[in-house]
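> what follows is a protein structure lacking sequence information:
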Ligand code: FNR
């Protein structure tokens, strides 16, 4: 577990950093260009105010919620993040087990250092952890140039019981991560991106994609389809029965278009400030996207969420759930599966307490009435 008692998730990073190589820390912590958007993600959340209502019975506060038909312990998901074995030898396996035992969905990245199958097996073996429903695994997919190879990945995900596909649409190319460039970041030779092995096997190419993390950016552009347009969405909806969520949408018009073309959900995100710098914080676009989408599909949000009150702000502005990214990597580094579980306990403690202080005893009571929006943002 975590090496000491922490009061909140924001305290983890400083202690995790010395345990990581400068390359790994830079890769995890960094954003693109001058990192304006990375900083803005936290700043934006800080600008909203919560307006409590008093004299409400909050003797029992229920954080649980339903998302895509799945009962969750709280409206919090584990964001897809590449290469988690850099934090801890058990990497994605530990992270996914922690999600299962806390009753939250784990989203496995295409760029993971554990395979689709390894993660499914790890979760199947995990003790129930007190949460009644089955573990929820989702898969984050990059649509590849080779649609037939993309389908191989989809079939594997379906076969192993993953429950949704998250298509990341904000990364036709990788953002300019200056820290990675300075550090000559590369995946150490004992690790590999396991799903790329599946992909390359399927594509019958022998290029060293799986092990040569040093050429991460180049491989990314080799494999992923930079000509991808909206046409892929009807294609994907036909190729799989799984719900499809698009991750990395910021424009209300794109959100409307996604829904019209069959998306089952939208993840409003700037990729943790790692793609287009000076793109806005997801939370600032949430009200306008909620207006555009009119409740037709669930909206999820990520970027800079570390506090129970951050979760509440997103829900109040129209999100059904949030994703948490980097804080989980710090927890994994510090304490493996147990560390992540303890970190999630901290976040859940804050969420439950803040709901009580806000005057909400269940998640669906958290409406726009409870948040004061800063001026100057689109409605
Ligand atoms: C990411 N993110 C990401 N997103 C995705 O769709 N596929 C991926 O493989 C990755 N990989 C990845 C690696 C690392 C190290 C980070 C930090 C992030 C983005 C991630 O899913 C999420 O959008 C942000 O991390 C959320 O912001 P916070 O919570 O980290 O501030």
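That came through, no problem. All values reported here derive from a predicted model rather than from experimental measurement.

> so who does the one residue in the stretch 151-300 of the chain that gets nearest to the ligand touch?
Minimum separation of the stretch 151-300 of the chain from the ligand (Cβ to the nearest ligand atom) falls at residue 272, amounting to 2.9 Å. Heads up, the C-betas are built off the backbone N, CA and C, glycines and all. Residues in contact with residue 272, defined by Cβ atoms under 8 Å, 6 or more residues apart in numbering, are 31, 38, 41, 79, 302-303, 325-326.

> and the chain, which residues reach the ligand?
Those residues of the chain that sit near the ligand, judged by Cβ under 6 Å from any ligand atom, are 27-28, 41, 79-82, 109, 111, 140, 168, 247, 269, 271-272, 274, 302-305, 323-326.

> in strands, which of those residues fall?
Residues from the residues of the chain next to the ligand lying in strands, with DSSP state E as the criterion: 109, 140, 168, 247, 302, 323-324.

> three-state assignment of residue 10?
State at residue 10, reduced to three classes by DSSP: H, G, I helix; E, B strand; the rest coil: helix.

> what is the burial count for it?
14 (other Cβ atoms under 10 Å).

> now the one 3 residues further on
When neighbours are defined as other Cβ under 10 Å, residue 13 has 19 of them.

> I'd say it and residue 331 touch.
No. Residue 13 is not in contact with residue 331 according to Cβ atoms under 8 Å; the separation is 9.9 Å.

> quick one: low-confidence ranges for the chain?
126-132, 204-221, 376-379 (pLDDT under 70).

> swap in 50 and give it another go.
Segments of the chain classed as low confidence (criterion: pLDDT under 50) are 206-214.

> ok, longest helix in it?
Ranked by residue count and defined by DSSP state H, the top helix of the chain is helix 326-358.

> just how off-centre is that one within its chain?
15 Å (Cα atoms, centre = their mean, to the nearest Å).

> if we go by neighbour counts, what in that helix is buried?
Along helix 326-358, these residues count as buried under the neighbour rule (16 or more other Cβ atoms under 10 Å): 326-344, 346-348, 350-352, 354-358.

> just stretch 79-89 next, same as before
Neighbour count says stretch 79-89 has 79-88 buried, by 16+ other Cβ under 10 Å.

> so what's residue 79 up against?
Neighbour list for residue 79: 107, 272, 302, 323-325, 328 [criterion: Cβ under 8 Å, 6+ apart].

> what's the answer for residue 18, then?
Contacts of residue 18 by Cβ under 8 Å, 6+ apart: none found.

> you'd agree it is in a strand?
No. Read with three-state DSSP, residue 18 is helix and lies in no strand.

> any idea how far residue 8 is from it?
19 Å (Cβ to Cβ, to the nearest Å).

> quick one, helices of the stretch 201-350 of the chain?
With DSSP state H, counting those that start in this stretch applied, the stretch 201-350 of the chain shows helices at 216-223, 232-239, 252-260, 282-293, 308-316, 326-358, listed in chain order.

> quick one: the residue nearest to the spatial centre of the chain from residue 152, how far?
For the chain, the residue sitting closest to the mean C-alpha position, by Cα atoms, centre = their mean, is residue 79 at 1.8 Å. Between residue 79 and residue 152 the computed distance is 25 Å (Cβ to Cβ).

> quick check: residue 357 touching residue 52?
Yes. Under the criterion of Cβ under 8 Å, residue 357 lies in contact with residue 52, with a separation of 6.0 Å.

> do you know how far the nearest residue to residue 372 once chain neighbours are set aside is from residue 71?
On the basis of Cβ to Cβ, 6 or more residues apart in numbering, the spatially nearest residue to residue 372 that is not a chain neighbour turns out to be residue 49, at 4.1 Å. Relative to residue 71, residue 49 is positioned 31 Å away (Cβ to Cβ).

> who has more neighbours out of those two?
Summary of the neighbour comparison: residue 49 and residue 71, criterion other Cβ under 10 Å, with residue 71 having more neighbours (14 against 11).

> wait, what's in contact with the nearest residue to residue 283 once chain neighbours are set aside?
With sequence-adjacent residues excluded and distances taken as Cβ to Cβ, 6+ apart, residue 283 is closest to residue 44, at 5.2 Å. Under the criterion of Cβ under 8 Å, 6+ apart, the neighbours of residue 44 are 280-281, 283-284, 304.

> isn't there a helix covering residue 44?
Yes. With three-state DSSP as the criterion, residue 44 is assigned to a helix.

> for it, give its distance to residue 280.
The spacing between residue 44 and residue 280, counted by Cβ to Cβ, is 7 Å.

> what does residue 358 give?
Counting by Cβ to Cβ, the gap between residue 358 and residue 280 amounts to 25 Å.

> on that earlier part again, of the contacts of residue 44, closest to residue 92?
Each of those was checked against residue 92 using Cβ to Cβ; the closest is residue 304, at 22.7 Å.

> for the residue nearest to that closest one when sequence neighbours are not counted, give its distance to residue 301.
Leaving aside its chain neighbours, residue 304 sits nearest to residue 41 (3.3 Å; criterion: Cβ to Cβ, 6+ apart). In this structure, residue 41 lies at 10 Å from residue 301, with Cβ to Cβ as the measure.

> sweet, I'm off.
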